[in-house]
Every structure is written in structure tokens, then in C-alpha cells.
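1. take a look and give me a structure for this.
(2 chains)
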Amino acid sequence: MELTAILYSIPWDQILIQTINGIVTGMILALIASGLTLIFGIMDVVNFAHGELFMLGAYIGVIVLATTGNFWLALLIATLVVALLGAAIQIVTLRPLLGRDPLTTILATFGVSLILQNYALWQFGPVARKIQEPFTGHFTLFYLEYPWYRLVIAGLSAAIIGGFWLFLKHGKYGIWIRATTQDRVMAQAMGIPVPWVHTAAFAIGAGMAAASGVLFGPLVGVNHTMGLDWVLKAFIVVVVGGMGNLGGSIAAAIFISLLEAYAAIWVSPAQAVIVSFMVLILTLLFRPTGLFVPTPK
Amino acid sequence: MTKRTNTSYWIAFSIVLALLIIAPLVLPEFWRRFLTEILIWGLLAMSSDILIGYTGMISFGHSAFFGLGMYGAAAALLMFSPPNLWLALAFGLVASALIALFVAYFSTRLRDIYFAITTLIFSQIFYVIVFTWTEVTGGENGLNFPRPRLAIPGLFSVPFTSETMHWFVLAVVTASYLILRRVTRSPFGMVLQSIRENEPRTRAIGYPVERYKIVAVMLSGLFAGLAGVLYAVQNRFAAPDFIFFLVSGETVIFNVMGGIGTLVGPIVGAGFFLLMREFLSRLFGDQFPYLIPLGVVFIVMIIFLPQGLLGFARRWLNR
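-> Reported below is the predicted structural model:
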């Protein structure tokens, strides 16, 4: 076959569309995963309930949007409410487990996720809710009318992650968080209230998950199982990016979302998930510290 | 390890076994099936206790072994006519053993949470495959198949009733328990426990830790598959929902509630969980989200009773 024939047989337009789609979902995923990786990095907790916090954020968004009609207010309130809920969860379930085997925290957060998920099912029923997007503009991309809103989500997620990064880098409490991540005992000795730093980190992670839930709500329906898919993806991202590594998680989120988006050109989206599973397993086998981190010495 | 405590153990064992044998004759139909179901879920939980309690690895992927055992049995029951119980067992066990070998080969290189996440992801891979491969697996609807007869070739052949089903399940679960108990007390089981206590040291003494772990995962997967076959034979269907990781999560919950590292603890945990569920849904109606109170109980137990219901008897049970 001629080279040109091969080039013509590649669906370039679809690839471009899927690249944009992949980046958009990648940014949302990065927002979820950076909360997860923060929580893991600071207290060795694998938060199974993270997807449920995402889902609850979306539901609170639905409620606030229904009462006030303002999308941005919904985003703000959902973030704050879920952050408070996260703080409460951390104080009630994880604080007593501090110093125990980290595996027990997986079990505890798994219990929390069951409770939250069933609460949502009980409270809101199995029918998916819809969040109306704040604006409905489109631009033409090949044969598609591509909504501006998707690009705005990607930008907003990037902005939130960027703000979070600045906070970690320069904010006083951000420095407390980094200090606690590096050396819990030393931080405590320097007068940092470590238990409250843990609570705050969990609350921030929860709030970020909720924000991504509200942002992502308009693209898919909001229902009680939406957290499950995302928590698995976020796990994959966090492991592939290197546990507790913020930059790595963001890179991995975009990498995996792009791979899945490209795979979805040829197979059904349900099967495209297997691609990211494969990436995870290969990463764990050949580079268990993560793909996007410098080689450990 | 005195003679007296050993005797007391076997006396207790015989009493419980005798009660379970008599149970279907006394209980009404619903509770008979319920008890059988507890035994099957208990076998699944017991199989994962080999990993959680004895080797110190939390598997979040036991639903894969359970589900593949189910689908293996389904394949045998659909392919051969008349359906044959022993072929179903053989198919289910081979399917789960192959899957377990595959999963074990990759996942045992990792430890702690990484092991948990890898097993979880593997089970989701099988879930996606089974869910989307509609021509073979029936996809979302699963498979329905006839129930085989309880038969030993040349000796007898009777159709399953709920009593014989119970006795058959009880026999399998008891045999599995005795085998697993023997295994955990064998030199092999001792090595597994030393991996749990101190893995680097076990390796330093010269045991090939990875190989032991692979065998442990396979053993565990094999018995999980056995539970899957029993479930398939009892309920006459196989569905992808049983491969979904929530089943693995429930398996872990049974273990933690009943007490890990005791083998019978997980069965007790399964019984406790299922009874609570039944009780709650009778009290508040079918729509009641029973997992909310059960989740609360689970978390409270992790914090205040990490040994589980039978934790106090762990030494005595492992004698």
C-alpha cells in the first residue's frame, strides 16, 4: 500500500476531535486525581470514597442550581459543602485509624463510599438528573458543533489546579501541608497541628472532587453510580502518575484520557476502559513508582 | 497445644456441623435457602481469608474468581446435555484457577495497597470483558441454565431439592474448611503467615516469597471459584454483576466483620451481614438502603473491633 493511501485511511478529523475530548476529560480527571493524590501523599490514605464525593458534589450542584438558577453559585456551594463533609468524614472515620495499618483506611473509606452511594440512591432515586450548562455556545469543528462549555471546563479545571499548586507552593498553610507530607513527626515537632492539616487536606481534596463533579455534570447525567467509574480512573491516574505526586497525576490524567479517547474511535467506550487498565498494569510491572516521575535513585 | 483444647475444638465443630445438618429439616423453605446462601458467601469469604488473614494481602478482586467460576459452571451446564454437576464443578474450577494464575502472576509482585488496587483493576477488566462480549456471555442479562441432578455415576441420581442442595453445599463447604484449615497449619501455611509478619525476613531465610504468594492467590482463587460454582448451581443463572468489584468489597466486609485469620470468622461475618440485611429490609421495607446502617456498623467495627466478631477466639480456632 502506498504511504499516501495509509495517510488517507487515518481518520484525522476524528483524531483531532478525540484529542480535544481527551484533553477535556483529562483535565476533569486531573482535578479529581489531584485531590486523591494529595490525600494519599499526606496521610497514606487511599480514599475509596473519592468518587462518591465527586458524585455528591454533582448532586448538590443539581439542588442549588434548581433553587437559585445560578451555575457558578452551585459550583461554589457544592465545593464548600462537600469540603465540610470531607472534613467531618476524616474526623469521624480516619482520625481514629491514624497510626494503624494503612490498609485499614482503605476498608474504612470503602465503607464510607457504600454509605454515601446508597444515601444518594435513597435520596435522589435511580433516575439521572441533568445539570444545565451555564452557556450553550458552539463552534464548528469539522462536521461537529463543538460546545464552548467543554473548553471552559478544561480551562477552569486547569485554573483550579493552578491555584491549588500556588497555594501549596507559597501559601502558609500550603507549606504546612507540604511539610507534613515530607515528615509527619518533624512537622509536629515544629508546631504544625498535624491532625488538623490532615483534616484540611482531606477537605481540600473533597472540595476539588465536588467541583469537578459540578463541572462535569452537564456532560453526562448525574446519578448515584457516576462515582464508581471515576474513582477507578482516578486510582489508575494516581498510580500511573506516581502516588502523592501532583505533577505526575496531571500528566497521567491527560495521557490516559487521550489514550481512551483514541481507543474509542475503534472500539466502544466501554471497551476503551481496558486500555487504561492495561496502562496501569504495565506501569505497575515495569515502573511501579509511576511513569511521570524521575527515576528513583 | 494441649490435648484438652483440641478435643473441645472438635466437640464444638461437631455440634455446629450437626446443627447445620439438621437445620433444613427444621427451617421453613425461605430460611433453608437463606442458610445455604450464607454458606456459599461464607466459602467465598473464607477463600479470601487465606490472603487477608494469613498472608496479609487484601484482595479487592475476589469477585473475578467467583464470577468466572460461575461462568465456567454455566458453560458446562449449557454445553452438555443432560447437565452434569461434576462437569460444572470441573469447568468452574479450571476457569477460576486459570484466571487466578494470570492475576497472581502479575499482582503478587506488588504489595499492600498496590496489590489491592491491581486485583481490583483485574476484576474490572474481566467485568468489562464479560459485560461487553454479549454473544458468549449474554452481556448484561447474563446466562440462564438448567440445574443439574445430584448424581454419582453408577450409584444414584436425584434432582436437587432445597434440602439436598443445602447438604451438598454444606458438604463442600465443610470439606473446603477442613482442607484450608489443614493448609494453614501445614509448613506451607506457616510460611504464608511468616510473610504476613515479616516479608523481608522470610525472603532472607531463603523462601521464594513470590512463588508462595502466587500459590496462595491461586489456592484462594480456586476456592472462590468453587463458591461461584455452588452459587450458579443454586440460583441457575450467572450475571456480570457478580464480577463487579462491589462483590469483592462485600467479601472483604464479611472477613473484617467476622474476624480475619480464623477461616470460620468470614462465614460468621457473611451470616451476620446477610441476617442484618434481611432484618433491616423486613423492618423498613424492600426499598430501605440497608447498606447505610451496615456501612456504619462496618466502620465502627474497623475502629473499635478490628479483630472482628470471632477475633477473641482466633488462637483457639487455629490450634
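2. switch to C-alpha atoms for all contacts and neighbour counts from now on
-> Noted.
3. how about the residues of the stretch 51-200 of chain A near chain B?
-> Contact residues (C-alpha under 8 Å from any C-alpha of the partner chain) of the stretch 51-200 of chain A with chain B: A:93, A:96-97, A:103-104, A:107-108, A:110-112, A:114-116, A:118-119, A:121-122.
4. pull out the buried members of those.
-> A:93, A:97, A:103-104, A:107-108, A:110-112, A:114-116, A:118-119, A:121-122 (16 or more other C-alpha atoms under 10 Å in any protein chain shown).
5. quick one: least confident of those?
-> Lowest pLDDT of those: residue A:103, 78.
6. ok, which stretches of the chain are strands?
-> Using chain A. A:138-141, A:144-147 (DSSP state E).
7. try again with chain B
-> Under the criterion DSSP E, strands of chain B are mapped to B:143-144, B:149-152, B:156-159, B:237-238.
8. contact partners for residue A:27?
-> Neighbouring residues of residue A:27 by C-alpha atoms under 8 Å, 6 or more residues apart in numbering or on different chains: A:153, A:154, A:157, A:158, A:250, A:253, A:254.
9. who wins for neighbours among the residues you listed?
-> residue A:253 (30 neighbours; other C-alpha atoms under 10 Å in any protein chain shown).
10. and the residue of the stretch 101-250 of chain A found nearest chain B, how far is that from residue B:245?
-> Of all residues in the stretch 101-250 of chain A, residue A:115 sits closest to chain B, at 4.5 Å by C-alpha to the nearest C-alpha. In this view, residue A:115 and residue B:245 are 16 Å apart by C-alpha to C-alpha, to the nearest Å.
11. tell me who's in contact with residue B:160.
-> Residues in contact with residue B:160 (C-alpha under 8 Å, 6+ apart) are B:147, B:148, B:149, B:150.
12. now with 7 Å?
-> Contact analysis of residue B:160 by C-alpha atoms under 7 Å, 6 or more residues apart in numbering or on different chains lists B:149, B:150.
13. do residue A:61 as well
-> Contacts for residue A:61 (C-alpha under 7 Å, 6+ apart) come out as A:74, A:75, A:78, A:214.
14. and which of those is nearest residue B:168?
-> For the contacts of residue A:61, the minimum distance to residue B:168 (C-alpha to C-alpha) is 51.9 Å, reached by residue A:214.
15. surely the closest one and residue A:77 touch.
-> No: Residue A:214 is beyond contact range of residue A:77, at 10.1 Å (criterion: C-alpha atoms under 7 Å).
16. how close does residue B:258 sit to chain A?
-> 14 Å (C-alpha to the nearest C-alpha, to the nearest Å).
17. quick check, that residue in contact with residue B:268.
-> Yes: at 5.3 Å, residue B:258 counts as touching residue B:268 under the criterion of C-alpha under 7 Å.
18. looking at these two, which has the bigger crowd around it?
-> Counted by other C-alpha under 10 Å, residue B:258 and residue B:268 do not tie: residue B:258 has more neighbours, with 30 against 24.
19. quick revisit: grab the nearest non-local neighbour of the residue of the stretch 101-250 of chain A closest to chain B.
-> Distances taken as C-alpha to C-alpha, 6 or more residues apart in numbering or on different chains place residue B:292 nearest to residue A:115, at 4.5 Å, with adjacent residues excluded.
20. what of residue B:212?
-> Computed as C-alpha to C-alpha, 6+ apart, the closest residue to residue B:212 that is not its neighbour in sequence is residue B:192, at 7.0 Å.
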